[in-house]
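Student: Sequence and predicted structure are below.
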Amino acid sequence: MNLSEHICPNGDVILYAGTPDLAMLDALAAGPGDVWHSSFEQGYKNAFMDIAYQTAIFFWYVKDFNGLDQCGSWRVNPFQFAVRKKVWEFMGGFDPDYQSPIAQALHFGFNALRNQGIVVLYTKGLFADETITYEKISRKERYAFFRKNFKTQHSIYMLYRKGIVNPLEWLAFFKARKFKMDAPKPIFPVKELAPMTGQPTVSYIIPTMSRQDYTLQLLQDLVNQTYRPTQVVVVDATPEDKRDASLYNPGDYPFEVHFVWQTTKGSCRARNEAIVLCTGDYIIFGDDDIRLRPDFVENHIRFQQTYKVDGANGLDIRADHHTDGLDKLEEKIKASGSKRIHSGLAQLMSNSNACVKREWVEKLVGNDINYDGGYGEDNDFGLSCAKAGVIMMQNPYSVNLHLKPPAGGYRVWGMQAKIMGKKRKTQPWELDTPVKWIRPVPSPTLMYYFHKHFGPDMVTEYRHKYFFTFLFKGAKSSLLLRILRLPYRQLQFNKSKFYAKKLMALGKRVK
């Protein structure tokens, strides 16, 4: 690639192809991005949707977002893009295994965003030239992309989906056999955290149920923070006959604390009740069963100030035992070494450790209560933030230890979904049609998430892969049994889809 070089006022060196707006590039260089393009206007929006044969609905960026001036997108136009010189050199430029520069750029952008912690952003107007340059890559290079990036099973699945009776697909499949899966790629170094500027206020939300002891433990961790929250909101759904109200004393804490006894059902409703009370510049979402290092809150704010972003997902580490303390967390951090230190665009969100500016939380009007009683609410909220325009990043500096105790928590309600018969308690997502003889699988709330964010075409692709995997991924000795079980599994899938469509008809609800 013959790239031009531009030195920004802050000293950053940017390489570029095409004719970017250099003044705009100067401003972008001071922000979170590492690679920028305006490819949506040049025919690259939702290009190479063959990626769905590998990821289906499990990658936030499988489809490009609509209506935004800036957002994460790995679909780089090789003829018009800009990249930090240090990033270009770190990645070694475009991969010469591909003949097509378009395939090279897709490989570059995909690995940068998904695997290497590099922030790749579509930026409207950076390149004014709207000449359409996208052309579909050849079959051979499509299979080469899959061979180089994924396990062989994904190439086989793509062959099945593209037309297993098509001789041209078979020819391309075999021609690409010379390509081997790339070695694990290095993670781009994260920035050192800059000192905090100003005195931003922080609200911390704790939804809890039948875990008052864990909640009190977490509150003490918040007391011990180097930068304390200004406000904590605890929404407790512990049944009245099992709670001890005397344990909650707002005067025991050096920050404002609201203790709210929840009368509704569900963790999404609990968070929404807490959001109404929040006054901080930032809102941190946490679970009740976590432990926090003293620098947790400070590092969330410093990270977002350093990268100039409005949302981040922290690092959630699973404890070996629910009684583990912070000493065990330090051991796990030390054992992981540099492996945990990676950033880039967030590709998931955990309600146990996430920080978002309050203005964005209020724009989204909180959590979607259609998820209560099921799963997927945290990813829904994170992806909704990204689709609204938040550059959501992964923050490796704010670390929590997730204890996962065997009892208590909002999953007590959700676990009822696995029970059949008279003992089953109706879940919120069942609406006016209680489950009777067929238990829906996957979770209807997950199916709702798939429909809501990725559309029916991606759900159809997910269905194909779901049943392909169900039949062929297990042991050969049990293949006949899986074939016999297939009709019932299809009924379960259809039942899940039935409930998802009913939730889709309702639309997002917040109370």
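Tutor: That came through fine.
Student: what about the helices in the stretch 151-300 of the chain?
Tutor: Applying DSSP state H, counting those that start in this stretch to the stretch 151-300 of the chain gives helices spanning 152-163, 167-175, 212-223, 267-277, 296-307.
Student: now swap in the stretch 401-511 of the chain and tell me
Tutor: For the stretch 401-511 of the chain, the helices defined by DSSP H, counting those that start in this stretch occupy 411-414, 444-472, 479-506.
Student: Can I get the ones you listed in JSON lines including distance to residue 149 and mean pLDDT?
Tutor: (Glycine included, C-beta is placed from N, CA and C.) Output for the helices of the stretch 401-511 of the chain, formatted as JSON lines (distance: least, Cβ to Cβ, whole Å; pLDDT from 0 to 100):
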{"stretch": "helix 411-414", "distance to residue 149": "35", "mean pLDDT": "64"}
{"stretch": "helix 444-472", "distance to residue 149": "16", "mean pLDDT": "94"}
{"stretch": "helix 479-506", "distance to residue 149": "28", "mean pLDDT": "96"}
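Student: Now tabulate these in JSON lines and tack on distance to residue 287.
Tutor: As requested, the helices of the stretch 401-511 of the chain are exported to JSON lines (distance: least, Cβ to Cβ, whole Å):
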{"stretch": "helix 411-414", "distance to residue 287": "11"}
{"stretch": "helix 444-472", "distance to residue 287": "18"}
{"stretch": "helix 479-506", "distance to residue 287": "24"}
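Student: Okay, domains of the protein per the record?
Tutor: As assigned by automatic domain parsing, the chain contains the domains 4-178, 202-402, 419-506.
Student: Save those domains as TSV, and put in mean neighbour count too.
Tutor: Shown next, in TSV, are the domains of the chain (neighbours: other Cβ atoms under 10 Å):
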stretch	mean neighbour count
domain 4-178	19
domain 202-402	20
domain 419-506	16
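Student: and those, which one's lowest on average pLDDT?
Tutor: Across the domains of the chain, domain 419-506 has the smallest mean pLDDT, namely a mean of 92.
Student: Would you map the strands across the stretch 101-250 of the chain?
Tutor: Using DSSP state E, counting those that start in this stretch, the strands of the stretch 101-250 of the chain run over 120-123, 202-208, 231-236.
Student: and of those strands, who's closest to residue 299?
Tutor: For residue 299, the closest of the strands of the stretch 101-250 of the chain is strand 202-208, at 11.9 Å, according to Cβ to Cβ.
Student: Tell me what angle the closest one forms with helix 212-223.
Tutor: 170 degrees (axes from the mean of the first three to the mean of the last three Cα atoms, to 10 degrees).
Student: So that it lines up with my notes, have the first residue be 812 from now on.
Tutor: Done: numbering now begins at 812, and the last item shifts to strand 1013-1019.
Student: what's strand 1013-1019 packed up against?
Tutor: Counting by 3 or more Cβ pairs under 8 Å, 6 or more residues apart in numbering; DSSP states H and E, the packing neighbours recorded for strand 1013-1019 are helix 1023-1034, strand 1042-1047, helix 1078-1088, strand 1093-1097, helix 1107-1118.
Student: What residues does the residue most central in space within the chain make contact with?
Tutor: Centroid-nearest residue in the chain, with Cα atoms, centre = their mean: residue 1159, separated by 1.5 Å. Counting by Cβ atoms under 8 Å, 6 or more residues apart in numbering, residue 1159 makes contact with 871, 1124, 1189, 1190, 1193.
Student: is it possible to export these to JSON lines including secondary structure?
Tutor: What follows is those, written out as JSON lines (DSSP: H, G, I helix; E, B strand; the rest coil):
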{"residue": "871", "secondary structure": "coil"}
{"residue": "1124", "secondary structure": "strand"}
{"residue": "1189", "secondary structure": "helix"}
{"residue": "1190", "secondary structure": "helix"}
{"residue": "1193", "secondary structure": "helix"}
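Student: Does residue 821 belong to a helix, a strand or coil?
Tutor: State at residue 821, reduced to three classes by three-state DSSP: coil.
Student: related to what we said a few turns ago, so for residue 930, which of the helices of the stretch 1212-1322 of the chain sits nearest?
Tutor: With respect to residue 930, and counting by Cβ to Cβ, the nearest of these is helix 1255-1283 at 20.9 Å.
Student: And the closest one, what does it pack against?
Tutor: Helices and strands touching helix 1255-1283, by 3+ Cβ pairs under 8 Å, 6+ apart, are helix 863-866, helix 963-974, helix 1188-1199, helix 1290-1317.
Student: and that helix, how far out from the chain's middle?
Tutor: Centre-to-centre, helix 1255-1283 and its host chain are 17 Å apart (Cα atoms, centre = their mean, to the nearest Å).
Student: Give me the contacts around the host helix or strand of residue 1171.
Tutor: For residue 1171, the host element (DSSP states H and E) is helix 1169-1174. With Cβ under 8 Å, 6+ apart as the test, helix 1169-1174 has contacts from 1014, 1086, 1089-1094, 1121-1122, 1196, 1199, 1201.
Student: Reformat the helices and strands packed on helix 1255-1283 as CSV; add distance to residue 843.
Tutor: Listed next are the helices and strands packed on helix 1255-1283 as CSV, based on distance: least, Cβ to Cβ, whole Å:
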stretch, distance to residue 843
helix 863-866, 23
helix 963-974, 30
helix 1188-1199, 13
helix 1290-1317, 33
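Student: which one of the ones you listed lies closest to residue 839?
Tutor: helix 1188-1199 (18.1 Å).
Student: could you say what helices and strands the closest one packs with?
Tutor: strand 881-883, strand 1122-1129, strand 1164-1168, helix 1169-1174, strand 1203-1213, helix 1255-1283.
Student: out of these, which comes closest to residue 826?
Tutor: Going by Cβ to Cβ, the one of the helices and strands packed on helix 1188-1199 nearest residue 826 is strand 881-883, 19.8 Å.
Student: That's all I had, so thanks and see you.
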